[in-house]
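[1] just a sequence and a predicted model for now, questions to come.
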Amino acid sequence: MSNNTAIVEISQTAGRFSSSIVLQADHKYIDVKSILGLFTTLVGNQNYELHVHGTDAEEAKKALAEVFKKHGLNVTVVSE
């Protein structure tokens, strides 16, 4: 898996939505729309939590869950 490809695709997918999309990794929270934040946070076999809030949150959750899965990244979409 090329992490760069995953990062760009995750960021571009997130950018299509107006919702706030935050990735939690350990005790760090990063804006998924920030490519730089993803570069410093997204490393292989880690479990991530995705927090999505906003008017198009349901669509954003589905789209991002698919991208994470496609790239073999473990993510739990948190329903709040």
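    Nice, thanks for sending it over.
[2] how about the helices in this protein?
    With helices called from DSSP state H, the chain shows them at 3-15, 35-41, 57-70.
[3] elements contacting the longest one?
    For helix 57-70, the helices and strands in contact under the criterion 3 or more Cβ pairs under 8 Å, 6 or more residues apart in numbering; DSSP states H and E are helix 3-15, strand 47-53, strand 74-78. Just so you know, the C-beta spots here come from the backbone N, C-alpha and C atoms, and that holds for glycine as well.
[4] run through who's touching the worst-scoring helix or strand of the chain on mean pLDDT.
    Taking mean pLDDT, DSSP states H and E as the measure, the helix or strand of the chain with the lowest value is helix 35-41, at a mean of 84. Here helix 35-41 makes contact (Cβ atoms under 8 Å, 6 or more residues apart in numbering) with 7-8, 10-11, 23, 25, 28, 30-32.
[5] what does stretch 51-71 give?
    The contact list for stretch 51-71 (Cβ under 8 Å, 6+ apart) reads 1, 5-6, 9-10, 13-14, 16-24, 29, 32, 48, 50, 74-75, 77-78, 80.
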